[in-house]
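Peer 1: Requesting a structural model of the entry that follows:
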Amino acid sequence: MFFGSYAHSLDEKNRLVIPSKMRSEIGSRLYIMKGFDGAISMYPEKAFEKLMNEFNSLPFNKRDARSYLRTQLATTSELEIDKAGRVILPGNLLDKYSISKSVMVIGMGDHIEVWDSKTYEAYEAEADKNFEDIAENLDKDN
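Peer 2: Numbering: from 1, shown residues only. The predicted model follows:
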């Protein structure tokens, strides 16, 4: 399970050092794709396999399912973790989702999010402002 937040910087080759507390949960590869709210998401192999099973259960004859799957799968790349615990983040994803060299790495349970630092600060400020209301409106059955 991934949790916590970590401030990091990408190097000139767009390499990200995976926080050491997260590395033991990952193995040797990650799968990266478009996330939500401006983040990109990275999944270890088992979580990615589970996600792919969920994707395969979507009704492909429905337009929204096709659009969602195309967006997700078109942005997916497999990343190898090097001996220093780094991955090279695809430049096209960084550019497309305006992620700079200064990033926040956020643990999200079964996966990791990578955010542009300034985007995350703005998101966090808004979410913090409404935290109790958000929690109150959660429905565990939906």
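Peer 1: Now the most centrally placed residue in the chain: closest residue in space, sequence neighbours ignored.
Peer 2: The chain has residue 41 as the residue nearest its centroid, 1.4 Å off, counting by C-alpha atoms, centre = their mean. The spatially closest residue to residue 41, leaving aside those adjacent along the chain, is residue 35, at 3.7 Å (C-beta to C-beta, 6 or more residues apart in numbering). For the C-beta atoms, the positions are set from N, CA and C on the backbone; glycine is no exception.
Peer 1: low pLDDT regions in this structure?
Peer 2: For the chain, the stretches with pLDDT under 70 are 140-142.
Peer 1: ranges for the strands of it?
Peer 2: 5-9, 15-17, 29-34, 40-44, 77-80, 86-88, 102-107, 112-116 (DSSP state E).
Peer 1: Figure out which of those strands is closest to residue 65.
Peer 2: strand 29-34 (15.8 Å; C-beta to C-beta).
Peer 1: Show me the contact partners of that closest one.
Peer 2: For strand 29-34, the external contacting residues (C-beta atoms under 8 Å, 6 or more residues apart in numbering) are 18, 40-45, 48, 71-73, 75-81, 87, 89-90, 93, 97, 112.
Peer 1: next one: it to chain centre, how far?
Peer 2: In this view, strand 29-34 has its centroid 7 Å away from the chain centroid, taken as C-alpha atoms, centre = their mean, to the nearest Å.
Peer 1: buried ones in that strand?
Peer 2: For strand 29-34, burial by neighbour count (16 or more other C-beta atoms under 10 Å) applies to 30-34.
Peer 1: Likewise for stretch 39-58?
Peer 2: 39-44, 47-48, 51.
Peer 1: and what of stretch 12-22?
Peer 2: 14, 16-19, 22.
Peer 1: before we move on, back to that, turn the strands of the chain into a markdown table, columns for distance to residue 132.
Peer 2: Below are the strands of the chain laid out as a markdown table (distance: least, C-beta to C-beta, whole Å):
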| stretch | distance to residue 132 |
| --- | --- |
| strand 5-9 | 20 |
| strand 15-17 | 33 |
| strand 29-34 | 30 |
| strand 40-44 | 26 |
| strand 77-80 | 37 |
| strand 86-88 | 36 |
| strand 102-107 | 21 |
| strand 112-116 | 23 |
